[in-house]
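**Q** 3D, please:
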Amino acid sequence: MSMTETAAALVETRDTKLEIIMGRETLDKLADATVLVLGCGGVGSNCCEALARGGIGHFVILDKDIVAPSNINRQAIAFHSTIGKRKVDVMEAMIHDINPAATVIKRTEYLLSDNIDDFFAGVLEQTDGKLDYVVDAIDTISAKLTIAKYAQDHGVRLVSSMGGANKLHPECLRFADIFDTVRDPMSRIMRKECKKRGIKSLHVLFSCEESVKTQPRDPSNIHERTELGTASFMPPIMGQMIAGEVIRQISGRGTERVRADGQRLD
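**A** Okay, the predicted model is just below:
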């Protein structure tokens, strides 16, 4: 190989480090994949960032909110410069800044039981019928249940984030079926409601840590859970973990089981 060829081979790109561990064929598969991320908050925005950095080429992102000052402690898109901007717009800009070739479809509606079919029909029309994975990073339990039921009924691959509020130990985060979750308030409600709705299985990321006891910030506010606080590192770690799960499942790389001591079982 000539010096010119060697220099060309050593030019760094966005994929340089990814290709070493994943391989070119896998990266091409990820670049062709479409992922729907529901919610661009603490978990969802960090998940989108990691998916974009990890090589996912096509995104559908949903969020109706704008960036607020209280988002700055945990959301990948929240800065003083983005306060007041639509989350989906800031998220789209970040994805394109990471990978200009990525495609991003933005949605801003609320997901309800009476519009879920139309929503997914619209998404599939926009993506030419291709949807490789769905990430549920929405906070509302009713929406999470609606998404889970749709995914079960239509064979959609889904991973759902449970609560990260009032948690401080990332080492307690686990992937599990919803019916195998423990010590998580959101998971407890989800288990009960899944049974009522005939949802037989739901792949989730949850924390088995006992929630930190806190006091309401505004005891007079009966409409909001003002006792819920969020550490700066928990939602980002959850988003990164979910992105890793999605990338592994789509690519087929790293799907083997690993013991607690790090030894591969398969």
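
**Q** CA atoms for contacts and neighbours, from now on please.
**A** Will do.

**Q** If you tally nearby residues, what's the number for Asn46?
**A** 26 (other CA atoms under 10 Å).

**Q** Figure out the helix or strand that it lives in.
**A** If you go by DSSP states H and E, Asn46 is part of helix 42-53.

**Q** and that helix, how far out from the chain's middle?
**A** With CA atoms, centre = their mean, to the nearest Å as the basis, helix 42-53 stands 6 Å off its chain's centre.

**Q** Output it as PDB, restricted to C-alpha atoms.
**A** Extracted C-alpha coordinates of helix 42-53, given in PDB (Å, rounded to 0.1, in the frame of the first residue of the first chain):
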ATOM      1  CA  GLY A  42     -34.600  12.900  29.900                       C
ATOM      2  CA  VAL A  43     -34.600   9.300  28.700                       C
ATOM      3  CA  GLY A  44     -35.800   9.900  25.100                       C
ATOM      4  CA  SER A  45     -33.400  12.700  24.200                       C
ATOM      5  CA  ASN A  46     -30.400  10.900  25.500                       C
ATOM      6  CA  CYS A  47     -31.500   7.700  23.800                       C
ATOM      7  CA  CYS A  48     -31.900   9.600  20.400                       C
ATOM      8  CA  GLU A  49     -28.400  11.000  20.800                       C
ATOM      9  CA  ALA A  50     -26.900   7.600  21.500                       C
ATOM     10  CA  LEU A  51     -28.800   6.000  18.600                       C
ATOM     11  CA  ALA A  52     -27.600   8.700  16.200                       C
ATOM     12  CA  ARG A  53     -24.000   8.300  17.400                       C
END
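
**Q** Remind me what it packs against, helices and strands.
**A** strand 34-38, helix 87-98, helix 234-251 (3 or more CA pairs under 8 Å, 6 or more residues apart in numbering; DSSP states H and E).

**Q** Output the lowest mean pLDDT helix or strand found in this structure.
**A** The weakest-scoring helix or strand in the chain, judged by mean pLDDT, DSSP states H and E, is helix 3-9 (a mean of 58).

**Q** follow-up on the earlier one: turn the helices and strands packed on helix 42-53 into a markdown table, columns for mean pLDDT and mean neighbour count.
**A** Below are those laid out as a markdown table (pLDDT from 0 to 100; neighbours: other CA atoms under 10 Å):
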| stretch | mean pLDDT | mean neighbour count |
| --- | --- | --- |
| strand 34-38 | 98 | 23 |
| helix 87-98 | 98 | 20 |
| helix 234-251 | 98 | 22 |
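
**Q** Out of those, flag the one nearest Leu228.
**A** Evaluated over these, closeness to Leu228 peaks at helix 234-251, with 13.3 Å, by CA to CA.

**Q** Which neighbouring elements make contact with the closest one?
**A** Using 3+ CA pairs under 8 Å, 6+ apart, helix 234-251 is in contact with helix 24-31, helix 42-53, strand 133-136, strand 158-161.

**Q** let's go with 7 Å and repeat that
**A** helix 24-31, helix 42-53 (3 or more CA pairs under 7 Å, 6 or more residues apart in numbering; DSSP states H and E).

**Q** just the CA coordinates of it, formatted as PDB?
**A** Extracted C-alpha coordinates of helix 234-251, given in PDB (Å, rounded to 0.1, in the frame of the first residue of the first chain):
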ATOM      1  CA  MET A 234     -30.200   8.700  35.900                       C
ATOM      2  CA  PRO A 235     -32.300   9.500  32.800                       C
ATOM      3  CA  PRO A 236     -29.200   9.800  30.600                       C
ATOM      4  CA  ILE A 237     -27.900   6.400  31.700                       C
ATOM      5  CA  MET A 238     -31.400   4.900  31.100                       C
ATOM      6  CA  GLY A 239     -31.500   6.500  27.600                       C
ATOM      7  CA  GLN A 240     -28.000   5.200  26.800                       C
ATOM      8  CA  MET A 241     -28.900   1.700  28.000                       C
ATOM      9  CA  ILE A 242     -32.100   1.600  25.900                       C
ATOM     10  CA  ALA A 243     -30.200   2.800  22.900                       C
ATOM     11  CA  GLY A 244     -27.700   0.000  23.400                       C
ATOM     12  CA  GLU A 245     -30.500  -2.500  23.700                       C
ATOM     13  CA  VAL A 246     -32.100  -1.300  20.400                       C
ATOM     14  CA  ILE A 247     -28.800  -1.300  18.500                       C
ATOM     15  CA  ARG A 248     -27.900  -4.800  19.700                       C
ATOM     16  CA  GLN A 249     -31.300  -6.200  18.800                       C
ATOM     17  CA  ILE A 250     -31.400  -4.600  15.400                       C
ATOM     18  CA  SER A 251     -27.800  -5.400  14.500                       C
END
